[in-house]
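Enquirer: sequence and predicted structure are below.
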Amino acid sequence: MEKISGNINSTCVEFKDFKNYDGQVIPVRGYIHRIREMTGFSFVILRTARDVIQCVYAPEFSDYRWDAKLCEEACVEIHGKVVSSKDAKGNDRYELQIHDIIILSLPAEPLPIVINKKQLDNIQLSTILDLRPVSMRNPRERAIFKLQEGIQRGFRDFLTKQGFTEIHSPKINYAGAEGGTNVFKLDYFGKQVYLAQSPQLYKQAMVGVFQRVFEIAPVFRAEHHDTSRHLNEYISMDFEMGFIDSFEDIMNMETGALKYIMELLKTEYSEEVTLLKADIPVINEIPAIKFMDAKKIIMDKFKYKPSDMKDFDPEEEQLLGKHAKKEFDSDFIFVTHYPSKKRPFYTMDDPADPEYTLSFDLLFRGLEITSGGQRIHDYNEQVAKMEKCGMNPEEFATYLMLHKYGAPPHGGLGLGLERLTMHLLGFKNVREATMFPRDINRVTP
Ligand code: ATP
Ligand code: MG
């Protein structure tokens with residue numbers, strides 16, 4: 001029997017490394033993205049995991065004899081010599097002179113949509129979503145989710161460097177964390193349980209162990225409406241940190257994380273940033289404004305009449321986005337001190353004015369992307385707050401173990417990955433930034 005050594009056979013050289021292989025014959029693997037026949041030679045455009053590479057086939061410098069079966073979306077291994085050539089604008093670039101093509105598989109049918117254009121023009125979003133495994137072969141569609149990988153990677157790298165431990169909390173839970181009616185009920189061997197609305201209760205429990213924790217995972221919201229910013233399952237990037245001096249520590253940590261993420265996108269995801277024309281925000285300091293002051297600006301400066309004095313509607317969020325841009329030249333703005341009535345039971349009230357809380361939202365280009373704040377850490381205070389909210393503390397006995405046996409002052413936040421991606425890329429609909437969206441009308445593919 002053969003023995004498996006763990007030596008990784010790296011057959012795919014990334015395009016950005018071609019300069020190190022100038023003049024050498026290398027193998028690359030991928031799909032035939034496009035074939036363009038010219039007089040005496042052909043361009044064979046190869047789509048690899050991340051790149052689209054120009055390969056040139058001419059019988060005079062190749063042993064390969066063209067196979068009539070070769071078509072777009074064939075899976076192939078191409079052996080070719082890396083050569084530099086100038087593009088139309090005179091920039092240096094590399095292409096492959098094809099020495100050989102090995103066909104690994106051929107498509108059984110032509111694709112249902114044309115994917116080898118720059119953009120999936122004139123194709124409805126619903127069709128793009130119905131055909132996700134295929135539509136994402138389009139380099140631009142693919143780039144959205146490569147960039148999204150970068151956001152998560154930045155969040156993870158930054159927090160790990162700050163001493164956070166990555167955790168995974170259960171998604172099948174005995175109680176909802178965020179309250180309200182938007183919780184999915186599930187029959188669990190005859191018992192009613194819920195799909196996690198957030199990792200809140202568990203990340204707080206782990207503050208009692210690791211002090212600083214984070215999680216990047218799906219959460220579920222039974223939102224019964226069809227909006228451009230709500231999904232029924234989304235990826236929440238959460239963190240929770242102990243031993244804080246004030247809830248501003250949390251906002252500072254988020255600001256640091258966002259700066260780090262944007263830098264990472266600029267350096268390691270520059271191809272995707274360019275392809276998507278992503279407008280990467282410059283973050284120096286993020287302005288913060290109190291909830292009631294924000295309401296005043298909305299009413300006095302923008303002459304807008306809020307329908308609810310305890311929360312913002314989407315229009316008000318947009319106005320605050322405009323205000324942040326105009327007054328502070330910032331794409332972000334923190335709104336702090338939300339009314340107590342609108343925040344969950346674990347939120348700490350402001351000792352200076354208990355009608356309000358030590359909490360915040362972060363708006364990005366006029367859209368809420370984060371909610372966070374300081375949590376109650378005193379046992380008696382938390383029990384009293386639960387009772388005031390009409391909850392039975394006994395049902396939350398395991399949650400309250402943190403408080404009962406000693407909790408540090410702590411707080412944290414949840415940041416919606418799809419919403420951040422959406423506004424980074426200027427999308428109108430959060431589904432464009434979701435690989436396989438779940439909404440009120442969609443559970444497939
Ligand atoms: P909204 O008021 O916009 O409905 P929320 O205040 O109910 O959001 P939170 O419970 O504060 O949402 O969730 C924290 C973050 O998670 C939000 O700021 C947002 O980025 C994201 N988020 C919340 N609900 C959804 C959803 N249904 N779809 C996509 N992202 C969401
Ligand atoms: Mg919120």
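Expert: Ah, there it is. Ligands and ions are numbered 1, 2, ... in the order given.
Enquirer: now do the helices in the protein.
Expert: 125-130, 132-135, 139-161, 200-210, 248-268, 270-276, 291-296, 314-328, 379-388, 397-404, 417-424 (DSSP state H).
Enquirer: any idea which residue of the chain lies closest to ligand 1?
Expert: Closest to ligand 1 within the chain is residue 416: 2.4 Å, counting by CB to the nearest ligand atom. Every C-beta, even on glycine, is put in place using the N, C-alpha and C of the backbone.
Enquirer: what's the neighbour count on that residue?
Expert: 24 (other CB atoms under 10 Å).
Enquirer: adding mean pLDDT, write the helices of the chain out as TSV.
Expert: Output for the helices of the chain, formatted as TSV (pLDDT from 0 to 100):
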stretch	mean pLDDT
helix 125-130	98
helix 132-135	98
helix 139-161	98
helix 200-210	97
helix 248-268	98
helix 270-276	97
helix 291-296	98
helix 314-328	98
helix 379-388	97
helix 397-404	96
helix 417-424	98
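Enquirer: figure out which of these is closest to residue 84.
Expert: helix 270-276 (18.4 Å; CB to CB).
Enquirer: what comes into contact with that closest one?
Expert: 16, 50-51, 139-140, 143-144, 146-147, 150, 265-266, 278, 280, 425 (CB atoms under 8 Å, 6 or more residues apart in numbering).
Enquirer: rewinding a little: beta-bridge partners for the residue of the chain closest to ligand 1, please?
Expert: residue 236 (DSSP bridges).
Enquirer: and it, what pLDDT?
Expert: At residue 416, the model reports a pLDDT of 98.
Enquirer: am I right that residue 290 is in contact with residue 337?
Expert: Yes. Counting by CB atoms under 8 Å, residue 337 is a contact partner of residue 290 at 4.7 Å.
Enquirer: tell me which of those two has more neighbours.
Expert: residue 337 (23 against 16).
Enquirer: how close does the closest residue to that one other than its chain neighbours sit to residue 389?
Expert: In space, and not counting its chain neighbours, residue 337 is closest to residue 356: 4.3 Å by CB to CB, 6 or more residues apart in numbering. Plainly put, residue 356 is 16 Å away from residue 389 if you go by CB to CB, to the nearest Å.
Enquirer: between these two, which is the more surrounded one?
Expert: In this view residue 356 and residue 389 are compared by other CB under 10 Å, and residue 356 has more residues nearby, 19 against 12.
Enquirer: in the sheet, who's paired with that one?
Expert: Applying DSSP bridges, one finds that residue 356 bridges with residue 339.
Enquirer: pLDDT score for it?
Expert: 98.
Enquirer: now swap in residue 433 and tell me
Expert: pLDDT, residue 433: 98.
Enquirer: tell me, how many residues neighbour it?
Expert: So residue 433, with other CB under 10 Å, has 24 neighbours.
Enquirer: again with residue 313
Expert: The burial count for residue 313: 13, using other CB under 10 Å.
Enquirer: how about the spatially closest residue to it that is not a sequence neighbour, phi and psi?
Expert: Residue nearest to residue 313 in three dimensions, not counting chain neighbours: residue 307, with 6.2 Å by CB to CB, 6+ apart. Dihedral angles of residue 307 (phi, psi; degrees, to the nearest 10) stand at phi -90, psi -20.
Enquirer: so residue 307 touches residue 315, yeah?
Expert: No. Taking contacts as CB under 8 Å, residue 307 lies outside contact range of residue 315: 9.3 Å.
Enquirer: the two: who's more crowded?
Expert: residue 315 (14 against 10).
Enquirer: skipping its backbone neighbours, what lies nearest that one in space?
Expert: Using CB to CB, 6+ apart, the closest residue to residue 315 is residue 304 (6.8 Å).
Enquirer: sketch out the low-pLDDT regions of the protein for me.
Expert: Within the chain, the stretches with pLDDT under 70 are 1, 9-11, 88-91, 176-180.
Enquirer: how about a cut-off of 90?
Expert: Counting by pLDDT under 90, the chain shows low-confidence ranges at 1-17, 60-63, 85-93, 118-119, 121-122, 174-181, 225.
Enquirer: return the residues of it in contact with ligand 1.
Expert: Residues of the chain lying near ligand 1 by CB under 6 Å from any ligand atom: 178, 221, 223, 230-231, 234, 236, 368-371, 414, 416, 418-419, 430.
Enquirer: mind listing which of those residues are in strands?
Expert: Counting by DSSP state E, the part of the residues of the chain next to ligand 1 found in strands is 234, 236, 368, 369, 370, 371, 414, 416.
Enquirer: scan those residues and report the most crowded one.
Expert: Going by other CB under 10 Å, residue 369 tops these with 26 neighbours.
Enquirer: domains in the protein, by residue range?
Expert: As given by automatic domain parsing, the domain ranges for the chain are 15-105, 139-433.
Enquirer: deepest of those, which one?
Expert: Burial of the domains of the chain is given as mean neighbour count (mean count of other CB atoms under 10 Å); domain 139-433 ranks first at a mean of 18.
Enquirer: may I have the distance across it, first residue to last?
Expert: End-to-end distance for domain 139-433: 15 Å, by CA to CA, to the nearest Å.
Enquirer: again, but for stretch 229-249
Expert: End-to-end distance of stretch 229-249 (CA to CA): 28 Å.
Enquirer: and what of stretch 264-280?
Expert: 11 Å.
Enquirer: over to stretch 221-241?
Expert: 24 Å.
Enquirer: ok, residue 319 - contacts?
Expert: 297, 298, 302, 304, 366.
Enquirer: ok so, going back, format the helices of the chain as CSV; extra columns: distance to residue 74.
Expert: Output for these, formatted as CSV (distance: least, CB to CB, whole Å):
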stretch, distance to residue 74
helix 125-130, 23
helix 132-135, 15
helix 139-161, 17
helix 200-210, 47
helix 248-268, 30
helix 270-276, 24
helix 291-296, 56
helix 314-328, 46
helix 379-388, 62
helix 397-404, 55
helix 417-424, 32
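Enquirer: much appreciated, bye for now.
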